[in-house]
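Asks: Here's a sequence, model it:
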Amino acid sequence: MIAEKISSETDCLGNLSLPIEVIVGDLLKKKSLSLATAESCTGGNIAAKLTAVPGCSDYFKGSVVAYSNEVKISLLNVSGETLENKGAVSEETVIEMVKGAMKALNTNCAVATSGIAGPGGGTIEKPVGTVWIAAAYQDDIITLKQTVDKGRKLNIENACNNALLMLHKLIK
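Replies: Next up, the predicted model:
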């Protein structure tokens with residue numbers, strides 16, 4: 001019974017029976033894919049989840065923690081115009097971040113996050129809890145706007161999990 005549950009990705013209710021980072025890692029390894037992360041508000045937490053899995057060096061190449069706009073521009077090739085016109089917390093920015101991560105780290109998959117984890121820093125247009133997430137597999141990119149404020153720790157954790165779930169959806 002235990003071996004059956006471990007070998008299955010989900011239980012009969014559709015709940016993950018293994019951590020998403022393990023499921024994604026197994027899929028990346030099975031398909032011989034490589035992964036990079038570009039993280040702003042998650043501050044390297046996605047990379048930490050991935051590198052906690054034994055054997056992750058088979059698919060994970062690295063991360064750019066681009067907390068400042070300067071780093072987004074210089075290391076990830078995010079356009080200064082995009083940052084000025086759309087802001088760091090925008091769909092356009094995370095799309096450029098995810099593309100920049102794949103190029104900079106020479107991978108065929110990446111995830112990127114940029115948001116307002118809180119407790120401060122929010123505005124009427126972009127309240128605390130707003131996080132844009134992008135996942136890419138080769139030329140395919142999907143995005144998600146996370147908008148629920150559950151406090152800094154949970155905002156970050158939810159963004160990490162959503163990024164990996166999105167990547168899983170793309171490569172599965």
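
Asks: quick one: the strands in the protein?
Replies: 35-39, 60-65, 109-115, 131-137, 140-146 (DSSP state E).

Asks: Against which helices or strands is the last one packed?
Replies: Read that as strand 140-146. helix 91-105, strand 131-137, helix 152-171 (3 or more C-beta pairs under 8 Å, 6 or more residues apart in numbering; DSSP states H and E). For every residue, glycine as well, the C-beta is placed using N, CA and C.

Asks: what's near enough to touch Glu39?
Replies: Residues counted as contacts of Glu39 (C-beta atoms under 8 Å, 6 or more residues apart in numbering) are 45-47, 63-66, 112-113.

Asks: if you set the cut-off to 10 Å instead, what comes out?
Replies: Contact analysis of Glu39 by C-beta atoms under 10 Å, 6 or more residues apart in numbering lists 45-48, 63-67, 97, 101, 111-114, 156, 159-160, 163.

Asks: One more: Thr123?
Replies: 87, 89, 116, 130.

Asks: circling back: and the helices and strands packed on strand 140-146 as a markdown table, adding mean pLDDT and mean neighbour count?
Replies: Formatted as a markdown table, the helices and strands packed on strand 140-146 follow (pLDDT from 0 to 100; neighbours: other C-beta atoms under 10 Å):
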| stretch | mean pLDDT | mean neighbour count |
| --- | --- | --- |
| helix 91-105 | 98 | 22 |
| strand 131-137 | 98 | 27 |
| helix 152-171 | 97 | 20 |
